[in-house]
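Asks: let me see the structure of the following:
(chains A and B)
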Amino acid sequence: GIQVEQSPPDLILQEGANSTLRCNFSDSVNNLQWFHQNPWGQLINLFYIPSGTKQNGRLSATTVATERYSLLYISSSQTTDSGVYFCAVDPYNQGGKLIFGQGTELSVKP
Amino acid sequence: ETGVTQTPRHLVMGMTNKKSLKCEQHLGHNAMYWYKQSAKKPLELMFVYNFKEQTENNSVPSRFSPECPNSSHLFLHLHTLQPEDSALYLCASSQNFLSRFGNEQFFGPGTRLTVL
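Replies: Take a look at the predicted model:
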């Protein structure tokens, strides 16, 4: 089956710093989503981005489908950005299920 | 608020108990999903329903029994669970995974289950 790999697995930042999270996937996909999981377990939708670039405030994402990777950029990080960031892909002909990466655990220090 | 609600938020049960988890979506979607997240691990798909029909059972043990009476509600019935079933159970919904407009999934807050 399709493999989804995220890097880095852990990241510690000082408040105000910028960061880039990466998601590699091993096969073609219908779509890709980025989520932020808060400490209470809620998954918050960040981006639905099968290809191209999107921006939402301090966050932006780019997916290069032909090269099978996606990047999530966080600028001017805040302590509330802490948590786990997951990318998840919807592979072709897999009935709509999402395959999740292992996540990047981000800790932003004041 | 994602438009997907789950109850209860926390559940502690013994191995001989029977309990049910409930999920409701207010987004007008037609596909609903159950995922399991064990500690420090990514989400794993359990079941998929599209227009009330089960389309995926990801080799889930029979002690987990899903039910989808309509496109807005999804249940997960639990019986004779094991301590290793303790996890966060998340429900999600999407428009329709066959839709040409895409299949963005939205998640509920989860039920944190502890099996003693």
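Asks: and the nearest residue to residue B:38 once chain neighbours are set aside, what is it in contact with?
Replies: Nearest residue to residue B:38, sequence neighbours excluded (CB to CB, 6 or more residues apart in numbering or on different chains): residue B:87, at 4.7 Å. To be clear about C-beta, it is placed using only N, CA and C from the backbone, and glycine gets the same treatment. By CB atoms under 8 Å, 6 or more residues apart in numbering or on different chains, the contact list for residue B:87 reads B:36, B:37, B:38, B:39, B:113.
Asks: could you flag which of these are buried?
Replies: Burial by neighbour count, 16 or more other CB atoms under 10 Å in any protein chain shown: within the contacts of residue B:87 this picks out B:36, B:37, B:113.
Asks: against which helices or strands is the helix or strand hosting the last one packed?
Replies: Taking DSSP states H and E as the criterion, the element that holds residue B:113 is strand B:111-115. In this structure, strand B:111-115 packs against strand B:10-13, strand B:87-94, with contacts taken as 3 or more CB pairs under 8 Å, 6 or more residues apart in numbering or on different chains; DSSP states H and E.
Asks: dump the first one to CSV, keeping only the CA atoms.
Replies: Coordinates of the C-alpha atoms in strand B:10-13 are reproduced here as CSV (Å, rounded to 0.1, in the frame of the first residue of the first chain):
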residue,chain,number,x,y,z
HIS,B,10,-14.7,10.0,27.6
LEU,B,11,-15.7,6.5,28.4
VAL,B,12,-14.3,4.0,30.9
MET,B,13,-15.6,0.4,30.6
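Asks: show the subsequent helix or strand relative to it.
Replies: Following strand B:10-13 in sequence, per DSSP H and E, is strand B:18-25.
Asks: tell me who's in contact with the closest residue to chain B within chain A.
Replies: Residue nearest to chain B within chain A: residue A:96 (2.4 Å; CB to the nearest CB). By CB under 8 Å, 6+ apart, the contact set of residue A:96 is A:90, B:31, B:33, B:48, B:50, B:55, B:94, B:97, B:98, B:103.
Asks: any residue of the lowest-mean-pLDDT helix or strand in chain B touching chain A?
Replies: Comparing helices and strands within chain B by mean pLDDT, DSSP states H and E singles out strand B:53-57 as the least confident, with a mean of 88. Yes. Interface with chain A: strand B:53-57 contributes B:55, B:56 (CB under 8 Å from any CB of the partner chain).
Asks: which helices and strands does that strand pack with?
Replies: Using 3+ CB pairs under 8 Å, 6+ apart: strand B:53-57 touches strand B:44-50, strand B:64-70.
Asks: give me the buried positions along that strand.
Replies: For strand B:53-57, a neighbour-count test (16+ other CB under 10 Å) marks residue B:56 as buried.
Asks: hang on, the earlier thing: filter the contacts of residue A:96 to the buried ones?
Replies: Taking 16+ other CB under 10 Å as the criterion, what is buried in these is A:90, B:31, B:33, B:48, B:50, B:94, B:97, B:103.
Asks: tell me the gap between stretch B:31-45 and the middle of its chain.
Replies: Distance, stretch centre to chain centre, for stretch B:31-45: 8 Å (CA atoms, centre = their mean, to the nearest Å).
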